[in-house]
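# My questions are about this predicted structure, shown below with the sequence.
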Amino acid sequence: MGFDEQTDDAMHDRQRRAWRTIFGEDPRNVGSEPDYRFSFANERTFLAWIRTALALIAGGLGVETVLPEFGGRKELGLLLLVLGMAVASTSYRRWSRNERALRTGSPLPPSNLPSLLAIGVAAVGLAAAAIILFAE
């Protein structure tokens with residue numbers, strides 16, 4: 001093996017370690033294969049969370065770029081963007097934990113994602129109401 005191949009292998013090892021640090025081990029490598037319908041349902045739920053995150057991010061961008069200038073516009077758009085990023089980043093972890101539970105026969109783990117989204121959407125609504133009430 002030449003120097004370049006060793007360097008490439010070391011780089012790929014670092015990338016794999018970084019990936020595992022951020023996302024954890026691939027849950028499909030543990031336990032046994034569950035009924036495919038449960039895996040598909042888990043995947044559909046993950047994709048629904050991703051669609052929600054994309055809608056929040058698009059809403060944040062829309063508030064900032066399409067709406068006319070008003071006080072609080074930037075903050076409202078930023079709040080939507082941050083909420084969308086939070087939903088997107090936690091949805092993979094939820095999918096992974098559920099998939100691991102399905103494969104090991106464990107109970108499904110609890111999730112904070114629904115409460116995070118509910119509190120976040122309520123905060124956006126309160127911010128929008130405050131902007132409307134206190135607008136000049």
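Noted; the coordinates are in hand.

# contacts and neighbour counts: CA atoms only from here.
OK.

# May I ask which helix or strand encompasses the most centrally placed residue in the chain?
Centroid-nearest residue in the chain, with Cα atoms, centre = their mean: Ala88, separated by 1.7 Å. Ala88 is part of helix 73-104 when elements are defined by DSSP states H and E.

# now that helix: how far from the chain's centre is it?
Computed by Cα atoms, centre = their mean, to the nearest Å, the chain-centroid distance of helix 73-104 equals 2 Å.

# likewise stretch 88-105?
The answer for stretch 88-105 is 12 Å, by Cα atoms, centre = their mean.

# related to what we said a few turns ago, for the helix or strand that the helix holding Ala88 is followed by, which residues meet the burial criterion?
Going down the chain from helix 73-104, the next helix or strand is helix 113-133, by DSSP H and E. Within helix 113-133, the residues that count as buried by 16 or more other Cα atoms under 10 Å are 113, 117, 120-121, 123-124, 127, 131.

# again, but for stretch 34-54
34, 39, 42-43, 46-47, 49-50, 52-54.

# With stretch 26-33 instead?
Those would be Pro27, for stretch 26-33 by 16+ other Cα under 10 Å.

# And it, end to end?
End-to-end span of stretch 26-33 (Cα to Cα, to the nearest Å): 13 Å.

# What are the contacting residues of it?
With Cα atoms under 8 Å, 6 or more residues apart in numbering as the test, stretch 26-33 has contacts from 20, 96-97, 99-100, 103-104.

# In a markdown table, list these along with neighbour count.
Below are those laid out as a markdown table (neighbours: other Cα atoms under 10 Å):
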| residue | neighbour count |
| --- | --- |
| Arg20 | 12 |
| Ser96 | 20 |
| Arg97 | 17 |
| Glu99 | 24 |
| Arg100 | 24 |
| Arg103 | 19 |
| Thr104 | 15 |
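
# Good, wrapping up.
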